[in-house]
Each structure stands twice: as C-alpha cells, then as structure tokens.
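Visitor: sequence first, then the predicted structure:
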Amino acid sequence: MTPFQRRLYRTSVFLGKLLLVGAVFQSIIFLSPSTTQIQSFYAGFLTQIMNFFGAEAFNRGIDIYMGNGSIYRIVQDCLGWKSVMMFTGLTFASHEERSLGKSLKYLTTGTVMIQVGNVVRILSTIYLAESGVISFEVIHGLFWTWGLAALVLLIWMYQERK
C-alpha cells in the first residue's frame, strides 16, 4: 500500500466511524427523549450562578426570570449535548492510535470542558443581552452557532496533537 493509499484508507475509516456516531446521534434526535428535568436543573444551576454574581434572577421550571422582566428559556439545545455528541464522534473516530483508557480520559476531560464552555456561553449571552451591548439575536446567533462548535474543534485538535 502506498503512503497515499494508507492516508486515504485511514481517512475513510475515520469518516466511517464519525458517520456511525452520527447515526446514533440521529437516532437520539428521532426518539426525541424528554429532557425537561435536566433543563430545569440546568436553569436552576444557571440562576444560582447569576445570583452569586449579583444578578436578580429566579427560575421556574425551564424559564429564568430576570429582575427587569426578561425571560430566558432553557431548551433542549441549551444543554450542550449535541456538542458533546460531536466531540464523542471525533474522539471515537480518531481512537485508532490511542488506548481505550486514554480515549475515555480525553472524552471525559473534553466533555467537562465543553459543559463549562456551555455555561459560560449561556451566562455571557444573558449578561450581554441584559446589558444591552448587543441584541439577543446577534449574540445568540454568534455564540450559539459558532462558539461551542469552535470549542469542540479546538479541544479535539489539542488532544490529537498530544
């Protein structure tokens, strides 16, 4: 096998594994499990952090109410599970040259980092929207669409260089 063929084969295996995890991901979306309890917990957790930093906020279920009357709803997509799933796919697909233990360590560490990034992303979105610096739609579109995706890729690229 030539070096080019070897790279092509490894790329094909990587993409195949990534597609396999993608099939699991699509199955989860198709089954549409209820995450209301997790969303409520997340809303409460975020509210506690905001109150710790001096914001006037309380939550009822999945809604976070701010002192000025603004309401933010923690929906299923706020949980960061799609980013964790993509990170899982990337880690699993590139597992070939690492031991299972090392891959699980990377997966655990990366998942924690993604969740911390997700909390920072949500809190900064609410803070910036409340302060009136940028409209919620712009913040939401920028941070929510690209922020966590970039974090996932950066964490994965970092672990691949180790």
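Guide: Yep, it's here.

Visitor: let me see the ranges of the helices in the protein.
Guide: 3-31, 36-52, 81-93, 100-131, 136-139, 148-161 (DSSP state H).

Visitor: any idea which of the ones you listed is most buried?
Guide: Of these, the one with the most neighbours on average (mean count of other Cβ atoms under 10 Å) is helix 81-93, at a mean of 20. In short, each C-beta sits where N, CA and C put it, glycine included.

Visitor: now do it against helix 36-52: the angle between them, please.
Guide: Orientation check (axes from the mean of the first three to the mean of the last three Cα atoms, to 10 degrees): helix 81-93 against helix 36-52 gives 110 degrees.

Visitor: taking helix 3-31 as reference, get the angle to helix 81-93.
Guide: Using the same axes, to 10 degrees: helix 81-93 against helix 3-31 is 150 degrees.

Visitor: could you give the angle of helix 81-93 to helix 148-161?
Guide: 20 degrees.

Visitor: neighbouring contacts of helix 81-93?
Guide: The contact list for helix 81-93, computed with Cβ atoms under 8 Å, 6 or more residues apart in numbering, reads 14-15, 17-18, 20-22, 24-25, 28, 35, 103, 106-107, 110-111, 114-115, 118, 148-149, 151-152, 155-156, 159.

Visitor: quick revisit: would TSV of the helices of the chain with mean pLDDT be doable?
Guide: Below are those laid out as TSV (pLDDT from 0 to 100):
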stretch	mean pLDDT
helix 3-31	90
helix 36-52	97
helix 81-93	90
helix 100-131	91
helix 136-139	82
helix 148-161	90
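
Visitor: between those helices, which gets nearest to M66?
Guide: helix 100-131 (6.1 Å; Cβ to Cβ).

Visitor: what is that closest one packed up against?
Guide: In this structure, helix 100-131 packs against helix 36-52, strand 63-66, helix 81-93, helix 136-139, helix 148-161, with contacts taken as 3 or more Cβ pairs under 8 Å, 6 or more residues apart in numbering; DSSP states H and E.
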